[in-house]
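1. Here is my input, please return the structure:
(one chain, ligands or ions: 2)
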Amino acid sequence: MEKLVIVAIGGNSLVRDNGRDTIQDQYEAVCETAVNIADMVEAGYNVVVTHGNGPQVGFGLRRSEIANEIAGMPEVPLVNCGADTQGGIGYQIQQALTNEFAQRGINKKVATVITQVEVSKDDPNFKNPTKPVGAFYTLEQSEEMKKEHPDWIFIEDSGRGYRRVVPSPKPIDIVEKDAIKTLINSGFVVIAVGGGGIPVVKSDNNTYQGIDAVIDKDFATSLLADQVNAETLIITTGVSRVCINFGKPNQLALEKISVEETKQYVLENHFPPGSMLPKIEASLSFLENNGTRVIITNPESLKDAINENAGTHIVK
Ligand SMILES: Nc1ncnc2c1ncn2[C@@H]1O[C@H](COP(=O)(O)OP(=O)(O)O)[C@@H](O)[C@H]1O
Ligand SMILES: NC(=O)OP(=O)(O)O
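-> Ligands and ions are numbered 1, 2, ... in the order given. Got it, this is the predicted structure:
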């Protein structure tokens, strides 16, 4: 079988207008990414797709809260909001890839696996929410919302505004990993661990139960990459390259860096938590296990990046 490449699509890379995008707008963004993934499949790569849901799960949660506030409808728990985004975004990627393959005469089938991801109920991240979800607000808007909802926590997100944060426990295991492997081995392009997977905890009698949180899809993708023995991990996001001194006058885009250099940049705080840091930590974890290379880039640079003509490459 060809070497396996796992491509993670950032949730923010599918949003253009901070919560005012329609579902059709998101589908168009998905279709643009599908063109780039189809290029890779056409070039002979065996591809697994994962995706984020940070903006979308926050929009869903807010819709549910507003429906509760104004119409008394029961709220949708955060874990179910996440499951809804996994189905909704998975459906769009599945349809966009299926159509793109059909148009190009590529003989590949696509399947989305609803994926539960095990976390620990004792994970310290439940007490320290760090995962930004939903829209970006100004400082004034966030302070106004906090008056009404004192329990909400906001953080500044990479110079883009203020966002609500929710707990983000670390993924331990992928419950449906055998189904995912079987589909990959049967030649499917598989979409899995959407939104980082649906967070579940395992009880003593080996049953699972959903828990309110949003798993970082970069960590879940890195775990999946290990479990399916992927060779390359590609993380697509809103920037073409990772930078040091991001957003400062001396910003420098990185083309190729070693694991050691990357660790040094982490120590120097070049990567903020909740945005670039999880991508870097997930990349390092993938390379320290069985992975060979990591590429971080934007969706439109995918094809050039895999040929080393774009993106940031982290190598062993
Ligand atoms: N050092 C950095 N280099 C490049 N981008 C950075 C850096 N630090 C923060 N960012 C920001 O982080 C964003 C990626 O995080 P985010 O949008 O949360 O991810 P996702 O695409 O998975 O939703 C980039 O688009 C960029 O705006
Ligand atoms: N769940 C998750 O990590 O989503 P984003 O990639 O959209 O932040």
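
2. hey, let's count contacts and neighbours off CA atoms from now on
-> Noted.

3. Please name every helix or strand in contact with the strand or helix carrying Phe101.
-> Per DSSP states H and E: Phe101 is located in helix 78-104. The helices and strands touching helix 78-104, judged by 3 or more C-alpha pairs under 8 Å, 6 or more residues apart in numbering; DSSP states H and E, are helix 23-42, helix 54-71, strand 110-112, strand 189-191, strand 198-202.

4. let's see 6 Å
-> Here helix 78-104 touches helix 54-71, going by 3 or more C-alpha pairs under 6 Å, 6 or more residues apart in numbering; DSSP states H and E.

5. just the angle between the helix it packs on and helix 78-104, please?
-> Calculated by axes from the mean of the first three to the mean of the last three C-alpha atoms, to 10 degrees, helix 54-71 forms an angle of 130 degrees with helix 78-104.

6. got the angle for helix 54-71 vs helix 23-42?
-> 160 degrees.

7. so how many other residues sit close to Gly105?
-> Residues contacting Gly105 under the criterion other C-alpha atoms under 10 Å number 10.

8. In this structure, which residue is most central in space?
-> Ranked by distance to the mean C-alpha position of the chain (C-alpha atoms, centre = their mean), the top residue is Gly52 at 2.7 Å.

9. sorry, back to before: is there contact, residue-wise, from the helix holding Phe101 to ligand 1?
-> No: using C-alpha under 6 Å from any ligand atom, helix 78-104 stays clear of ligand 1, coming no nearer than 13.5 Å.

10. For that helix, buried residues please.
-> Residues 78-87, 89-101 are the ones in helix 78-104 that count as buried (16 or more other C-alpha atoms under 10 Å).

11. Can you get me a residue count around the closest residue to Cys243 other than its chain neighbours?
-> Closest residue to Cys243 apart from its sequence neighbours, by C-alpha to C-alpha, 6 or more residues apart in numbering: Ala253 at 4.2 Å. For Ala253, the count of nearby residues is 16 (other C-alpha under 10 Å).

12. Also Pro249?
-> Pro249: 7 surrounding residues under other C-alpha under 10 Å.

13. For it, give me the pLDDT.
-> Pro249 carries a pLDDT value of 97.

14. Give me the distance from the helix holding Phe101 to the chain's centre.
-> 13 Å (C-alpha atoms, centre = their mean, to the nearest Å).

15. quick one on the thing from earlier: separation between the residue nearest to Cys243 and ligand 1?
-> Ala253 sits 7 Å away from ligand 1, going by C-alpha to the nearest ligand atom, to the nearest Å.

16. repeat for Leu4
-> Using C-alpha to the nearest ligand atom, Leu4 is found at 21 Å from ligand 1.

17. Do I have it right that that residue meets Val228?
-> No: taking contacts as C-alpha atoms under 6 Å, Leu4 lies outside contact range of Val228: 8.4 Å.

18. Stretch 77-91 and ligand 2, any residue contact?
-> No: applying C-alpha under 6 Å from any ligand atom, one finds stretch 77-91 separated from ligand 2 by no less than 8.4 Å.
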